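Asks: this one's sequence-less:
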């Protein structure tokens, strides 16, 4: 059976590195995935899509959002998805993720990051009795969101704010593997962009973290010293260099190496 994630579930376009949403975003509960363009269209209508796509959405539901049936009254057919309720506060997390993926809306992302930090700094778990796996999943989600917010703060030069958030995610090993690892990678990449060498040295001084992100340690050192002898496997290091250079092109920056 063909891999369903090779084409967008919304528009059918091939999913390439450039067209696939970063940070493991856009997956659906039936195994499908949407492209970057469809992702951006969906979150305008369903702001929680970035966080809940895998739990709440299938190919059928996202096609309903992207291609709604003609309106019966009040609007002409073909106008596109109905706008979200203006009285409902917009979820700040998709704004952060979309801005990090595109390199656009820098100031809007900063305000969204501030709001995300306020919402997720203290999580109220007293409203119901949670199972242990639910609590762990919530903590992992919180770490992912704070890591994404911290990357936005670094992007905007608010390093002290990022410093205060960093302990809440940098040592959470649940983020070191899997799809959400990209949140930590983006944080490291933006620190490299901003030439925050002392901060990076402090992060990589943790041996366990350095081992888990050895390819990024080598990238950081290679940017500082082109003659650095990388310690990570060559294939892994070159894959990371290519990934970061592609991200640079994606957001309109000069390639790192």
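Replies: All right, it came through fine. These figures come from a predicted structure and were not determined experimentally.
Asks: roughly how far is stretch 240-253 from the heart of the chain?
Replies: Distance of stretch 240-253 from its chain centroid, counting by Cα atoms, centre = their mean, to the nearest Å, is 15 Å.
Asks: what's the average pLDDT for it?
Replies: Stretch 240-253 comes out with an average pLDDT of 93.
Asks: likewise stretch 36-49?
Replies: Averaged across stretch 36-49, the pLDDT comes to 81.
Asks: So what touches stretch 105-124?
Replies: Identification of contacts with stretch 105-124 by Cβ atoms under 8 Å, 6 or more residues apart in numbering yields 92-93, 95-96, 98-100, 138, 142, 145-146, 148-150, 152-153, 155-156, 158, 161, 165. Every C-beta, even on glycine, is put in place using the N, C-alpha and C of the backbone.
Asks: Okay, and which of those map to helices?
Replies: Among those, the ones falling in helices (DSSP state H) are 92-93, 95-96, 98-100, 138, 142, 145-146, 148-150, 152-153, 155, 161, 165.
Asks: ok, back up a step: show me which of the contacts of stretch 105-124 are buried.
Replies: Among the contacts of stretch 105-124, those scoring as buried are 92-93, 95-96, 98-100, 142, 145-146, 148-150, 152-153, 155-156, 158, 161, 165 (criterion: 16 or more other Cβ atoms under 10 Å).
Asks: now the strands for the stretch 1-150 of the chain?
Replies: Counting by DSSP state E, counting those that start in this stretch, the stretch 1-150 of the chain forms no strands at all.
Asks: Tell me where the model's unsure across the stretch 151-257 of the chain.
Replies: Across the stretch 151-257 of the chain, nothing is flagged by pLDDT under 70.
Asks: What ranges does it have for its helices?
Replies: 159-165, 181-193, 197-204, 207-212, 214-224, 234-250 (DSSP state H, counting those that start in this stretch).
Asks: Highest mean neighbour count across those, which stretch is it?
Replies: For those, the largest average neighbour count (mean count of other Cβ atoms under 10 Å) is found in helix 181-193, namely a mean of 23.
Asks: Spit out the contact partners of residue 256.
Replies: Residue 256 is in contact with 192, 219, 223, 241, 244-245, 248, counting by Cβ under 8 Å, 6+ apart.
Asks: can you redo those residues as TSV with distance to residue 58?
Replies: As requested, these are arranged in TSV below (distance: Cβ to Cβ, whole Å):
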residue	distance to residue 58
192	38
219	37
223	42
241	36
244	33
245	35
248	34
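Asks: burial count for the spatially closest residue to residue 194 that is not a sequence neighbour?
Replies: Nearest in space to residue 194, with sequence neighbours left out and distances taken as Cβ to Cβ, 6 or more residues apart in numbering, is residue 154 at 5.9 Å. By other Cβ atoms under 10 Å, the residues close to residue 154 number 27.
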